[in-house]
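Q: just a sequence and a predicted model for now, questions to come.
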Amino acid sequence: MTGLQRRRVLTLAGLAALMAPRAARAHAVLLESTPPHDGTLPAGERTLVLRFNSRIDRGRSRLALVRPDKSEAVLALLPGSDDVLSATAVLAPGAHLLHWQVLALDGHITRGELAFTVAAP
């Protein structure tokens, strides 16, 4: 095999390797939450829980609560399993929005929000 033929074979092999299917690296997907999206909770101290389809890096993940008066607070995460983020917050009546950001262990960041209402006692 000549040098030119060898280079062509290596180039074709490289292109084939680049085009071969690979296992997809999925982002962390929110599977369930308490409260559910557009759900209702009673006022008071509540634990907010989000469960994902994969392990997440808790140190680089966060929950932030937007209250009815539009003020925002970053919530302290509670200890838990590798696929769950949870935090406790005192909730006043009105519409709330929970912003979440997680870093999956595959290196992908996923963000989302969860809208819910807090009912008066």
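A: Good, I have the coordinates.
Q: can you pull the buried residues of stretch 77-91?
A: Residues of stretch 77-91 classed as buried: 77, 83-87, 89, 91 (neighbour count, 16 or more other CB atoms under 10 Å). Just so you know, the C-beta spots here come from the backbone N, C-alpha and C atoms, and that holds for glycine as well.
Q: partner residues bridging residue 48?
A: Residue 48 has the following beta-bridge partners by DSSP bridges: residue 87.
Q: tally of neighbours for it?
A: As a burial measure, residue 48 scores 23 neighbours (other CB atoms under 10 Å).
Q: which ones are touching it?
A: 33-35, 63, 65, 75, 86-89, 98 (CB atoms under 8 Å, 6 or more residues apart in numbering).
Q: switch to 10 Å and redo it
A: The neighbourhood of residue 48, defined by CB atoms under 10 Å, 6 or more residues apart in numbering, consists of 33-35, 41, 63, 65, 75, 78, 85-89, 91, 96, 98, 100, 114, 116.
Q: now residue 33
A: Contacts of residue 33 by CB under 10 Å, 6+ apart are 39, 48-52, 85-86, 98, 100, 112, 114, 116.
Q: which one is residue 98 nearest to, not counting chain neighbours?
A: residue 114 (4.3 Å; CB to CB, 6 or more residues apart in numbering).
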